[in-house]
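1. Predicted model, plus sequence, below.
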Amino acid sequence: MSTIVMTQPLEHPGTTHLAIEPVQRSAAKAVGFLYLFAMAISIFGESVRGRLILPHDAVQTASSIGAYEALFRLSIVGDLIIYVCDIILFWGLYVILKRVNRDVALLGAFFRLVETAILGVTTLTAFIALRLLSGADYLRVVDTAQLQALARGFLSVYGIGLSVGFVFLGLGSAVFSYLWLKSRYVPRGLAWLGIFGSLLMAIMSLVTMVFPVVWERVGMAYMMPMGLYEIGLGLWLLIKGIKAPAAQQA
């Protein structure tokens with residue numbers, strides 16, 4: 001009597017073999033576009049604020065914002081557009097990566113949603129600064145120099161709020177980068193860059209809160225790995241899309 005033995009092909013250690021569904025491919029294209037679109041708006045907003053907000057000069061800052069108020073307001077609206085894009089982006093990442101580990105994907109989405117909530121509230125401080133510099137009648141009881149100092153103070157809070165949000169951004173991005181690594185949907189080097197850049201952003205954002213002098217010396221340089229990761233991932237998803245693990249190995 002003969003026995004028939006059914007054998008399964010050996011899997012590469014650490015590889016998660018997941019067939020890709022059409023909705024994942026569509027979500028990947030959307031995520032790739034949103035990474036690049038949000039990055040472009042973010043660069044515009046940072047360039048505007050970098051020109052108008054001076055670190056230790058409340059008077060000149062007030063004068064610059066007054067001269068280019070519409071541009072400053074446009075940068076704030078750009079931030080709000082980014083937050084809307086981010087929410088759609090988190091949903092897309094969850095759709096793509098939930099088949100790797102649903103619970104971990106939810107954790108990443110929760111981190112990023114907390115980040116967006118913090119940054120959304122932080123944006124209000126920029127509007128408060130604009131109101132203080134508006135020259136409204138009810139503000140005339142306060143000295144102009146004091147209003148300018150208060151406005152500059154709220155803009156400083158705006159910067160601190162961004163750092164707080166970046167902590168959660170880094171943590172959420174690290175979680176999603178881990179899932180990219182496990183899924184093998186994108187190159188492993190890109191996923192490792194995401195883990196490194198994301199954790200670096202979260203850690204350095206905390207460090208600058210404890211030691212503000214670090215920010216004065218390094219500025220936004222520590223965000224460069226994160227920026228390279230998001231641009232690289234955005235281009236890869238938009239042009240190449242996601243690949244099945246077996247195809248990645250080949």
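-> Looks like it came in fine.
2. CA atoms for contacts and neighbours, from now on please.
-> Noted.
3. ok, longest helix in this structure?
-> helix 144-183 (DSSP state H).
4. Please work out the average pLDDT along the helix or strand following it.
-> Next helix or strand after helix 144-183 toward the C-terminus (DSSP states H and E): helix 188-210. Mean pLDDT, computed over helix 188-210, is 95.
5. quick one: contacts of helix 188-210?
-> With C-alpha atoms under 8 Å, 6 or more residues apart in numbering as the test, helix 188-210 has contacts from 160, 163-164, 166-171, 173-175, 177-178, 180-181, 214-215, 222-227, 229-230, 232-233.
6. Buried by neighbour count, from the residues you listed: which ones?
-> Among these, those classed as buried by 16 or more other C-alpha atoms under 10 Å are 160, 163-164, 166-171, 173-175, 177-178, 180-181, 215, 222-223, 225-227, 229-230, 232-233.
7. Name the SS class of R131, please.
-> The assignment at R131 comes out as helix when based on DSSP: H, G, I helix; E, B strand; the rest coil.
8. Which residue lies nearest the spatial centre of this protein?
-> The residue lying closest to the centre of the chain (C-alpha atoms, centre = their mean) is L169, at 5.4 Å.
9. Quick check: that one touching R112?
-> Yes: in terms of C-alpha atoms under 8 Å, L169 counts as a neighbour of R112; the distance is 5.5 Å.
10. Please pull out the lowest mean pLDDT helix or strand from the protein.
-> helix 245-249 (a mean of 55; mean pLDDT, DSSP states H and E).
11. Is there a neighbour count for Y68? I'd like the number.
-> Using other C-alpha atoms under 10 Å, Y68 has 13 neighbouring residues.
12. now it: how far from R49?
-> 11 Å (C-alpha to C-alpha, to the nearest Å).
13. which intervals of this structure have sub-threshold pLDDT?
-> 1-18, 246-250 (pLDDT under 70).
14. Let's see that with 80 instead.
-> Within the chain, the segments meeting pLDDT under 80 span 1-19, 215-216, 219, 244-250.
15. Might one say that R184 is in contact with S177?
-> No: applying C-alpha under 8 Å as the test, R184 and S177 come out as separate, 10.7 Å apart.
16. and for those two, which residues touch both?
-> Counting by C-alpha under 8 Å, 6+ apart, nothing touches both R184 and S177.
17. got the buried residues for stretch 38-56?
-> Applying 16+ other C-alpha under 10 Å to stretch 38-56 flags 38-39, 41-42, 44-45, 48-49, 52-53 as buried.
18. go on, stretch 199-213?
-> Under 16+ other C-alpha under 10 Å, the buried positions of stretch 199-213 are 199-202, 204-206, 208.
19. Include distance to I81 when you put these into TSV, please.
-> Below are the buried residues of stretch 199-213 laid out as TSV (distance: C-alpha to C-alpha, whole Å):
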residue	distance to I81
L199	25
L200	26
M201	22
A202	23
M204	26
S205	23
L206	26
T208	27
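20. Report the two of these separated the most.
-> L199 and T208 (14.2 Å; C-alpha to C-alpha).
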